[in-house]
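>>> For reference, the sequence and a predicted model appear below.
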Amino acid sequence: MICQARLAPDANYSVSGKRYNRQVITNIAKIREAKGLSQGELADMLDMHVTNLNKIERGKSSPSMARFEQIAAKLGVSVSDLFAEIPAMGTRLVTVKGFVQAGHWAETWEWSDDDQYQVPIEDDPALRPFQLHAAETRGPSMNKRYPEKTVLVFTDIIETGAALELGKRYIVERERADGLREATVKTLWRDEAGKIWLLPESDDPRFQEPFPIEGGEDDTVRVIGRVVGSWSRE
């Protein structure tokens, strides 16, 4: 990003040849939500109080250009995208190749080519370097967050090389000794003793017990990908 002019105390911003008033409603909230970030999460990433971020998003604050550059960097977009009338995020097609369902054990959770379908999602610039995958939810194991038949879009944890983050949701595969597999979506959670668990978010008593990330004596647990978005039909 090239800033064409320094900001004087009472000046407007100049970005890519366009001028913006210091107190203006930006696309920050829209871009943040498209990336699945809460206001609190982005505030933590920026090392600022959530109240101050809220004021910036509502156009009630006059942050410096350096602050806008920091926000843009954390969101993986350009500064001009923060002010564009329409954020620079088009549409990207992702193929839904299978389903995730707690308690369903099978040789594979992927569908045949004839049963797979594509869904349109926002083209997040931060995700363009990576292949995106998608699976359809079945059953009530995460129904507090995702209704049945919600499409979950996720990145491959090996491809991105990203560390696991507490509170984020992941596509998880468990494999039994007989070779059958169960694919589910779970939230990464740590208990008071520091032990890491994979936690369902369900109002169904059958699907409320977490399981340890390292697996047990009779199964192997693999974290396949991190959920970066969801899609559902109206």
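Okay, I see it. Residues are numbered from 1 along each chain as shown.

>>> buried ones in the helix ranked longest in the chain?
The single longest helix within the chain, with elements called by DSSP state H, is helix 65-75. Across helix 65-75, burial judged by 16 or more other CB atoms under 10 Å covers 65, 67-72, 74-75. For every residue, glycine as well, the C-beta is placed using N, CA and C.

>>> quick one: strands adjacent to the longest strand seen in the chain?
Looking across the chain with DSSP state E, the single longest strand is strand 219-231. Strand 219-231 pairs in its sheet with strand 151-156 (antiparallel), strand 169-176 (antiparallel), by DSSP bridges.

>>> Convert the longest helix of the chain to CSV, retaining C-alpha atoms only.
Extracted as CSV, the C-alpha positions of helix 65-75 are listed here (Å, rounded to 0.1, in the frame of the first residue of the first chain):
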residue,chain,number,x,y,z
MET,A,65,-3.7,6.2,9.1
ALA,A,66,-1.2,3.9,10.9
ARG,A,67,-4.2,2.4,12.8
PHE,A,68,-6.1,1.8,9.6
GLU,A,69,-3.0,0.2,8.1
GLN,A,70,-2.8,-2.1,11.1
ILE,A,71,-6.5,-3.1,10.8
ALA,A,72,-6.1,-3.8,7.1
ALA,A,73,-3.1,-6.0,7.8
LYS,A,74,-4.9,-8.0,10.4
LEU,A,75,-7.9,-8.5,8.1
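
>>> Heading C-terminal from it, find the next helix or strand.
helix 79-83 (DSSP states H and E).

>>> That next one - what's its average pLDDT?
Across helix 79-83, pLDDT averages out at 79.

>>> Could you check how far whatever helix or strand comes next after that helix is from the centre of its chain?
Downstream of helix 79-83, the next assigned helix or strand under DSSP H and E is strand 91-100. Relative to its parent chain, strand 91-100 has a centroid offset of 15 Å by CA atoms, centre = their mean, to the nearest Å.

>>> how about the strands of the protein, start to end?
Under DSSP E, the chain gives strands at 13-15, 18-20, 91-100, 117-122, 132-137, 151-156, 169-176, 181-190, 196-199, 211-212, 219-231.

>>> Using a markdown table, lay out the ones you listed together with distance to residue 61, mean neighbour count and mean pLDDT.
Below are these laid out as a markdown table (distance: least, CB to CB, whole Å; neighbours: other CB atoms under 10 Å; pLDDT from 0 to 100):
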| stretch | distance to residue 61 | mean neighbour count | mean pLDDT |
| --- | --- | --- | --- |
| strand 13-15 | 13 | 20 | 41 |
| strand 18-20 | 14 | 14 | 39 |
| strand 91-100 | 32 | 17 | 90 |
| strand 117-122 | 26 | 16 | 88 |
| strand 132-137 | 34 | 23 | 94 |
| strand 151-156 | 32 | 21 | 94 |
| strand 169-176 | 31 | 19 | 92 |
| strand 181-190 | 32 | 20 | 91 |
| strand 196-199 | 36 | 18 | 91 |
| strand 211-212 | 44 | 14 | 86 |
| strand 219-231 | 28 | 18 | 92 |
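
>>> Residue 37: which of those is closest?
strand 219-231 (10.4 Å; CB to CB).

>>> got the angle for the closest one vs strand 132-137?
100 degrees (axes from the mean of the first three to the mean of the last three CA atoms, to 10 degrees).
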